[in-house]
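got a predicted structure plus its sequence, pasted below:
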Amino acid sequence: MSNQNQAPQTTKLLSLKEASKIVGLSDWTLRRWALQGRIASVCLGRRRLIPASVIDELIRSNWHEANGPEDLRLT
C-alpha cells in the first residue's frame, strides 16, 4: 500500500537559500510558504529543504509568455 503524500525516494533537495536565489524571493518568504503549506518541504533536523521539483513547478505555474513586441517594451 503506497502513501500518495510520500516524496520520491531520490530527489534533489535545495536549501531555502539556494531555492530563494533561483526564484528571486527571500528565504523567509519560502520558509513562511512552507510552514503555511503553500509549497512542499522536507524538515531534516533543524534544516528545512525544498525539493527542486517544487521550485520547477512554482516557476512553471507562474510562467507567462509575452504576447508580442509590445510586451517587450520597458515603461
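Here it is on my side, so go on. Numbering: from 1, shown residues only.

end to end on stretch 44-52, go ahead and measure it.
Separation of the first and last residues of stretch 44-52 by C-alpha to C-alpha, to the nearest Å is 16 Å.

how close does the residue nearest in space to the middle of the chain sit to residue 43?
Computing the C-alpha centroid of the chain and ranking residues by C-alpha atoms, centre = their mean puts residue 55 first, at 2.7 Å. Per C-beta to C-beta, to the nearest Å, residue 55 is found 17 Å from residue 43. Backbone N, C-alpha and C define where each C-beta goes, glycine included.

repeat for residue 19
Counting by C-beta to C-beta - residue 19 and residue 43 are separated by 14 Å.

looking at those two, which is more packed in?
The neighbour count for residue 19 versus residue 43, taken as other C-beta atoms under 10 Å, is higher for residue 19 (25 against 10).

OK, contacts around the more buried one?
27, 30, 50, 55 (C-beta atoms under 8 Å, 6 or more residues apart in numbering).

settle this for me: the third one is touching residue 34, isn't it.
Yes. With contacts counted by C-beta atoms under 8 Å, residue 50 reaches residue 34, the gap being 6.9 Å.

these two: who's more crowded?
Counted by other C-beta under 10 Å, residue 50 and residue 34 do not tie: residue 50 has more neighbours, with 27 against 20.

excluding its backbone neighbours, what's nearest that one?
Excluding the flanking residues, the one nearest residue 50 by C-beta to C-beta, 6 or more residues apart in numbering is residue 19, at 4.4 Å.

now that neighbour, what's its secondary structure?
helix (DSSP: H, G, I helix; E, B strand; the rest coil).

distance of it relative to residue 46?
17 Å.

can you check residue 26 too?
From residue 26 to residue 46 the distance is 19 Å (C-beta to C-beta).

please point out which parts of the longest strand along the chain sit buried.
Counting by DSSP state E, the longest strand found in the chain is strand 47-51. With burial defined by 16 or more other C-beta atoms under 10 Å, the residues of strand 47-51 counted as buried are 48-51.

now pLDDT and distance to residue 67 too, for the residues you listed, in JSON lines please.
Output for these, formatted as JSON lines (pLDDT from 0 to 100; distance: C-beta to C-beta, whole Å):
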{"residue": "48", "pLDDT": "96", "distance to residue 67": "38"}
{"residue": "49", "pLDDT": "97", "distance to residue 67": "37"}
{"residue": "50", "pLDDT": "97", "distance to residue 67": "31"}
{"residue": "51", "pLDDT": "96", "distance to residue 67": "32"}
